[in-house]
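What follows is a protein structure lacking sequence information:
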(Lines give C-alpha, C1' and ligand atoms only; values in the text may rest on other atoms or scores of the structure.)
Protein backbone atom coordinates (compact mmCIF):
# COMPACT_ATOMS: atom_id res chain seq x y z
CA UNK A 1 0.00 0.00 0.00
CA UNK A 2 2.82 2.40 0.86
CA UNK A 3 4.41 1.86 -2.55
CA UNK A 4 1.09 2.57 -4.28
CA UNK A 5 0.60 5.79 -2.29
CA UNK A 6 4.21 6.86 -2.91
CA UNK A 7 3.81 6.24 -6.65
CA UNK A 8 0.57 8.17 -6.71
CA UNK A 9 2.14 11.13 -4.93
CA UNK A 10 5.18 11.07 -7.22
CA UNK A 11 3.02 11.04 -10.35
CA UNK A 12 0.83 13.88 -9.08
CA UNK A 13 3.84 15.93 -7.96
CA UNK A 14 5.42 15.56 -11.39
CA UNK A 15 2.14 16.57 -13.00
CA UNK A 16 1.93 19.63 -10.73
CA UNK A 17 5.36 20.78 -11.83
CA UNK A 18 4.47 20.36 -15.51
CA UNK A 19 1.15 22.12 -14.99
CA UNK A 20 2.83 25.10 -13.37
CA UNK A 21 5.27 25.39 -16.25
CA UNK A 22 2.45 25.13 -18.81
CA UNK A 23 0.38 27.74 -16.98
CA UNK A 24 3.31 30.13 -16.94
CA UNK A 25 4.08 29.63 -20.63
CA UNK A 26 0.47 30.10 -21.71
CA UNK A 27 -0.01 33.14 -19.49
CA UNK A 28 3.05 34.73 -21.10
CA UNK A 29 1.34 34.53 -24.47
CA UNK A 30 -2.01 35.71 -23.09
CA UNK A 31 -3.84 32.38 -23.11
CA UNK A 32 -5.99 31.11 -20.25
CA UNK A 33 -7.08 27.48 -19.95
CA UNK A 34 -10.58 26.47 -18.88
CA UNK A 35 -10.75 22.86 -17.70
CA UNK A 36 -14.23 21.33 -18.05
CA UNK A 37 -15.05 18.23 -15.97
CA UNK A 38 -18.25 16.22 -15.92
CA UNK A 39 -19.80 12.78 -16.14
CA UNK A 40 -20.48 11.31 -19.60
CA UNK A 41 -23.70 12.65 -21.08
CA UNK A 42 -23.82 15.78 -18.96
CA UNK A 43 -24.30 18.01 -22.00
CA UNK A 44 -20.95 19.80 -21.77
CA UNK A 45 -20.23 19.39 -25.49
CA UNK A 46 -23.56 20.99 -26.42
CA UNK A 47 -23.01 23.87 -24.02
CA UNK A 48 -19.40 24.34 -25.09
CA UNK A 49 -20.45 24.52 -28.75
CA UNK A 50 -22.86 27.34 -27.92
CA UNK A 51 -20.15 29.17 -25.95
CA UNK A 52 -17.64 28.83 -28.81
CA UNK A 53 -20.16 30.20 -31.30
CA UNK A 54 -20.81 33.17 -29.02
CA UNK A 55 -17.09 33.78 -28.60
CA UNK A 56 -16.58 33.80 -32.35
CA UNK A 57 -19.52 36.17 -32.84
CA UNK A 58 -18.12 38.59 -30.27
CA UNK A 59 -14.56 38.46 -31.56
CA UNK A 60 -12.97 36.49 -28.71
CA UNK A 61 -10.13 34.27 -30.01
CA UNK A 62 -10.93 30.82 -28.65
CA UNK A 63 -9.92 27.23 -29.27
CA UNK A 64 -11.06 23.89 -27.89
CA UNK A 65 -9.35 20.60 -27.19
CA UNK A 66 -11.56 17.64 -26.41
CA UNK A 67 -10.46 14.31 -24.96
CA UNK A 68 -12.12 10.93 -25.27
CA UNK A 69 -11.12 7.29 -25.12
CA UNK A 70 -12.37 6.79 -28.67
CA UNK A 71 -14.12 8.50 -31.63
CA UNK A 72 -13.83 12.08 -32.87
CA UNK A 73 -17.53 12.81 -32.46
CA UNK A 74 -17.14 15.68 -30.00
CA UNK A 75 -14.46 17.40 -32.08
CA UNK A 76 -16.69 17.28 -35.15
CA UNK A 77 -19.54 18.83 -33.19
CA UNK A 78 -17.39 21.58 -31.72
CA UNK A 79 -15.79 22.35 -35.08
CA UNK A 80 -19.19 23.54 -36.32
CA UNK A 81 -18.58 26.66 -34.24
CA UNK A 82 -15.75 27.70 -36.55
CA UNK A 83 -13.23 27.73 -33.69
CA UNK A 84 -9.96 25.75 -33.94
CA UNK A 85 -10.67 22.32 -32.44
CA UNK A 86 -8.46 19.32 -31.74
CA UNK A 87 -9.46 15.82 -30.67
CA UNK A 88 -7.22 13.87 -28.31
CA UNK A 89 -7.71 10.12 -28.05
CA UNK A 90 -6.39 8.83 -24.73
CA UNK A 91 -6.21 5.13 -25.69
CA UNK A 92 -7.97 4.01 -22.54
CA UNK A 93 -6.58 6.58 -20.10
CA UNK A 94 -9.46 8.04 -18.08
CA UNK A 95 -8.09 11.59 -17.84
CA UNK A 96 -5.75 14.15 -19.34
CA UNK A 97 -2.45 15.05 -17.71
CA UNK A 98 -0.53 18.29 -18.05
CA UNK A 99 2.25 16.83 -20.21
CA UNK A 100 -0.36 15.36 -22.59
CA UNK A 101 -2.09 18.71 -22.95
CA UNK A 102 1.18 20.56 -23.52
CA UNK A 103 2.30 18.09 -26.15
CA UNK A 104 -0.91 18.48 -28.14
CA UNK A 105 -0.72 22.28 -28.10
CA UNK A 106 2.70 22.48 -29.76
CA UNK A 107 2.32 23.58 -33.35
CA UNK A 108 -1.47 23.64 -33.17
CA UNK A 109 -2.75 26.33 -30.80
CA UNK A 110 -3.06 29.69 -32.61
CA UNK A 111 -0.80 32.34 -31.09
CA UNK A 112 -3.62 34.82 -30.48
CA UNK A 113 -5.82 32.37 -28.55
CA UNK A 114 -7.30 34.12 -25.53
CA UNK A 115 -9.23 31.16 -24.12
CA UNK A 116 -8.50 27.47 -24.54
CA UNK A 117 -11.40 25.29 -23.45
CA UNK A 118 -10.35 21.76 -22.53
CA UNK A 119 -13.18 19.23 -22.53
CA UNK A 120 -11.74 16.56 -20.26
CA UNK A 121 -12.61 12.88 -20.47
CA UNK A 122 -16.14 12.25 -19.20
CA UNK A 123 -15.36 11.16 -15.64
CA UNK A 124 -15.68 12.76 -12.21
CA UNK A 125 -12.96 10.66 -10.55
CA UNK A 126 -9.63 10.58 -12.41
CA UNK A 127 -9.59 14.09 -13.95
CA UNK A 128 -10.22 15.72 -10.57
CA UNK A 129 -6.71 14.85 -9.37
CA UNK A 130 -4.81 16.38 -12.28
CA UNK A 131 -4.04 20.07 -12.69
CA UNK A 132 -3.78 20.94 -16.39
CA UNK A 133 -2.36 24.40 -15.87
CA UNK A 134 -5.86 25.82 -15.95
CA UNK A 135 -6.92 29.28 -14.92
CA UNK A 136 -10.49 28.18 -14.34
CA UNK A 137 -11.76 24.72 -13.38
CA UNK A 138 -15.44 24.15 -14.10
CA UNK A 139 -17.54 21.15 -13.08
CA UNK A 140 -20.81 20.47 -14.86
CA UNK A 141 -23.70 18.29 -13.72
CA UNK A 142 -26.97 17.68 -15.53
CA UNK A 143 -30.34 17.72 -13.80
CA UNK A 144 -30.72 14.00 -14.60
CA UNK A 145 -27.72 12.95 -12.51
CA UNK A 146 -29.21 13.47 -9.06
CA UNK A 147 -28.75 16.08 -6.37
CA UNK A 148 -26.19 14.03 -4.42
CA UNK A 149 -23.43 14.08 -7.06
CA UNK A 150 -21.37 16.68 -5.15
CA UNK A 151 -21.35 14.41 -2.10
CA UNK A 152 -20.44 11.32 -4.13
CA UNK A 153 -17.59 13.11 -5.91
CA UNK A 154 -16.28 15.60 -3.32
CA UNK A 155 -12.87 16.06 -4.97
CA UNK A 156 -14.31 17.07 -8.34
CA UNK A 157 -16.88 19.46 -6.90
CA UNK A 158 -14.74 20.52 -3.96
CA UNK A 159 -11.96 21.91 -6.16
CA UNK A 160 -14.15 23.66 -8.72
CA UNK A 161 -13.96 27.40 -9.30
CA UNK A 162 -17.41 27.31 -10.90
CA UNK A 163 -20.27 24.79 -11.04
CA UNK A 164 -22.72 24.64 -13.93
CA UNK A 165 -26.03 22.80 -13.91
CA UNK A 166 -26.98 21.68 -17.42
CA UNK A 167 -30.19 20.57 -19.17
CA UNK A 168 -32.38 22.71 -16.96
CA UNK A 169 -35.05 22.64 -19.66
CA UNK A 170 -35.93 19.14 -18.41
CA UNK A 171 -35.46 19.87 -14.70
CA UNK A 172 -39.15 19.48 -13.92
CA UNK A 173 -39.43 16.17 -15.76
CA UNK A 174 -36.32 14.91 -13.96
CA UNK A 175 -37.72 16.08 -10.58
CA UNK A 176 -34.48 17.96 -10.00
CA UNK A 177 -34.25 19.48 -6.53
CA UNK A 178 -32.20 22.65 -7.08
CA UNK A 179 -32.12 23.62 -3.42
CA UNK A 180 -30.77 20.22 -2.39
CA UNK A 181 -28.12 20.31 -5.12
CA UNK A 182 -26.97 23.78 -4.09
CA UNK A 183 -26.83 22.70 -0.46
CA UNK A 184 -24.66 19.71 -1.34
CA UNK A 185 -22.32 21.85 -3.43
CA UNK A 186 -22.04 24.33 -0.57
CA UNK A 187 -21.20 21.47 1.79
CA UNK A 188 -18.10 20.42 -0.18
CA UNK A 189 -17.17 23.81 -1.66
CA UNK A 190 -18.48 26.75 0.37
CA UNK A 191 -19.02 29.92 -1.61
CA UNK A 192 -18.56 28.52 -5.10
CA UNK A 193 -20.89 29.99 -7.72
CA UNK A 194 -23.56 27.68 -9.17
CA UNK A 195 -25.14 28.66 -12.50
CA UNK A 196 -28.12 27.12 -14.30
CA UNK A 197 -27.87 26.50 -18.04
CA UNK A 198 -29.75 24.95 -20.93
CA UNK A 199 -27.95 24.63 -24.25
CA UNK A 200 -31.24 23.71 -25.93
CA UNK A 201 -33.15 26.80 -24.77
CA UNK A 202 -30.13 29.07 -24.50
CA UNK A 203 -30.60 29.73 -20.79
CA UNK A 204 -27.35 30.79 -19.19
CA UNK A 205 -25.41 30.61 -22.46
CA UNK A 206 -22.61 33.16 -22.30
CA UNK A 207 -22.11 32.90 -18.55
CA UNK A 208 -19.21 30.46 -18.93
CA UNK A 209 -17.57 32.68 -21.52
CA UNK A 210 -18.00 35.73 -19.30
CA UNK A 211 -16.52 34.01 -16.24
CA UNK A 212 -13.63 32.65 -18.29
CA UNK A 213 -12.81 36.06 -19.76
CA UNK A 214 -12.94 37.63 -16.31
CA UNK A 215 -10.46 35.07 -15.02
CA UNK A 216 -8.24 35.53 -18.09
CA UNK A 217 -8.23 39.27 -17.45
CA UNK A 218 -6.99 38.78 -13.91
CA UNK A 219 -10.21 38.89 -11.91
CA UNK A 220 -10.00 36.80 -8.74
CA UNK A 221 -11.38 33.30 -9.03
CA UNK A 222 -13.05 31.38 -6.25
CA UNK A 223 -10.57 29.68 -3.92
CA UNK A 224 -12.01 26.37 -2.73
CA UNK A 225 -11.62 25.66 0.96
CA UNK A 226 -10.50 22.14 0.11
CA UNK A 227 -7.54 23.47 -1.83
CA UNK A 228 -6.65 26.06 0.79
CA UNK A 229 -6.64 23.44 3.55
CA UNK A 230 -3.88 21.59 1.74
CA UNK A 231 -1.97 24.58 0.43
CA UNK A 232 0.94 24.02 2.77
CA UNK A 233 1.30 20.39 1.70
CA UNK A 234 1.50 21.42 -1.95
CA UNK A 235 4.03 24.22 -1.75
CA UNK A 236 6.84 21.76 -2.43
CA UNK A 237 5.13 20.07 -5.32
CA UNK A 238 6.33 22.52 -7.97
CA UNK A 239 9.80 23.02 -6.60
CA UNK A 240 12.60 22.07 -8.95
CA UNK A 241 16.35 22.08 -8.25
CA UNK A 242 17.40 25.68 -7.64
CA UNK A 243 13.84 26.93 -7.93
CA UNK A 244 11.64 28.39 -5.23
CA UNK A 245 8.35 26.71 -4.42
CA UNK A 246 5.37 28.13 -6.26
CA UNK A 247 2.16 26.37 -5.37
CA UNK A 248 -1.03 26.96 -7.29
CA UNK A 249 -3.49 27.02 -4.41
CA UNK A 250 -6.76 26.73 -6.23
CA UNK A 251 -6.45 24.01 -8.85
CA UNK A 252 -4.68 21.08 -7.25
CA UNK A 253 -6.53 18.09 -5.98
CA UNK A 254 -6.38 18.03 -2.20
CA UNK A 255 -4.40 14.89 -1.50
CA UNK A 256 -5.63 13.74 1.88
CA UNK A 257 -9.08 15.31 2.02
CA UNK A 258 -11.96 12.96 2.83
CA UNK A 259 -12.66 10.73 -0.15
CA UNK A 260 -9.76 11.95 -2.27
CA UNK A 261 -7.34 9.18 -1.43
CA UNK A 262 -9.85 6.50 -2.34
CA UNK A 263 -10.80 8.16 -5.63
CA UNK A 264 -7.27 8.97 -6.71
CA UNK A 265 -5.72 5.63 -5.74
CA UNK A 266 -8.54 3.80 -7.48
CA UNK A 267 -7.93 5.81 -10.63
CA UNK A 268 -4.21 5.12 -10.41
CA UNK A 269 -4.81 1.41 -10.07
CA UNK A 270 -7.03 1.41 -13.15
CA UNK A 271 -4.85 3.55 -15.37
CA UNK A 272 -1.40 2.34 -14.35
CA UNK A 273 -2.07 -1.40 -14.13
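It's in. Everything quoted here is computed from the prediction, not taken from an experiment.

those helices in the stretch 51-200 of the chain, which residues are they?
Along the stretch 51-200 of the chain, the segments classed as helices by DSSP state H, counting those that start in this stretch run 73-79, 98-105, 149-152, 154-158, 178-188.

closest to residue 42 out of those?
Each of the helices of the stretch 51-200 of the chain has some distance to residue 42 by C-beta to C-beta; the shortest is helix 149-152, at 9.7 Å. (Each C-beta comes from the backbone N, C-alpha and C, glycine too.)

about what we covered before: in CSV, list the helices of the stretch 51-200 of the chain along with mean pLDDT and mean neighbour count.
CSV is the format used below for the helices of the stretch 51-200 of the chain (pLDDT from 0 to 100; neighbours: other C-beta atoms under 10 Å):
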stretch, mean pLDDT, mean neighbour count
helix 73-79, 97, 18
helix 98-105, 95, 18
helix 149-152, 98, 20
helix 154-158, 97, 25
helix 178-188, 98, 16
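
Output those helices in TSV, with distance to residue 123 appended to each entry.
Converted to TSV, the helices of the stretch 51-200 of the chain look like this (distance: least, C-beta to C-beta, whole Å):
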stretch	distance to residue 123
helix 73-79	14
helix 98-105	15
helix 149-152	13
helix 154-158	9
helix 178-188	18
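
who wins for proximity to residue 11 among those helices?
That would be helix 98-105 among the helices of the stretch 51-200 of the chain, by C-beta to C-beta, at 10.8 Å.

Point to the residue nearest the middle of the chain.
residue 35 (3.1 Å; C-alpha atoms, centre = their mean).

Could you report the distance from that residue to residue 23?
According to C-beta to C-beta, to the nearest Å, residue 35 and residue 23 sit 11 Å apart.

where does the stretch 1-150 of the chain have low pLDDT?
Scanning the stretch 1-150 of the chain for pLDDT under 70 picks out the ranges 1-5, 7.

Surely the residue nearest to the centre of the chain forms part of a strand?
Yes: the assignment for residue 35 by DSSP: H, G, I helix; E, B strand; the rest coil puts it in a strand.

bridging residues for it?
Here residue 35 sits in beta bridges with residue 118, residue 137, going by DSSP bridges.

need the contact list for it.
When contacts are counted by C-beta atoms under 8 Å, 6 or more residues apart in numbering, residue 35 touches 118, 120, 127, 132, 134, 136, 137, 138, 251.

try residue 28
By C-beta under 8 Å, 6+ apart, no residues touch residue 28.

now for stretch 210-223, what's the gap between its first and last residues?
18 Å (C-alpha to C-alpha, to the nearest Å).

in that stretch, what counts as buried?
211, 212, 213, 215, 216, 221, 222 (16 or more other C-beta atoms under 10 Å).

can you list these in CSV and add pLDDT and secondary structure?
CSV is the format used below for the buried residues of stretch 210-223 (pLDDT from 0 to 100; DSSP: H, G, I helix; E, B strand; the rest coil):
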residue, pLDDT, secondary structure
211, 98, helix
212, 98, helix
213, 98, helix
215, 98, helix
216, 98, helix
221, 97, coil
222, 98, coil
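
how about the residues you listed in CSV, adding distance to residue 92?
Formatted as CSV, these follow (distance: C-beta to C-beta, whole Å):
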residue, distance to residue 92
211, 32
212, 30
213, 35
215, 32
216, 33
221, 32
222, 33
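
quick check, nearest of the residues you listed to residue 113?
Using C-beta to C-beta, these come closest to residue 113 at residue 216, 10.4 Å.

okay, and the common contacts of residue 35 and residue 23?
Common neighbours of residue 35 and residue 23 (C-beta under 8 Å, 6+ apart) are residue 134.

Surely residue 68 touches residue 93?
No: applying C-beta atoms under 8 Å as the test, residue 68 and residue 93 come out as separate, 10.6 Å apart.
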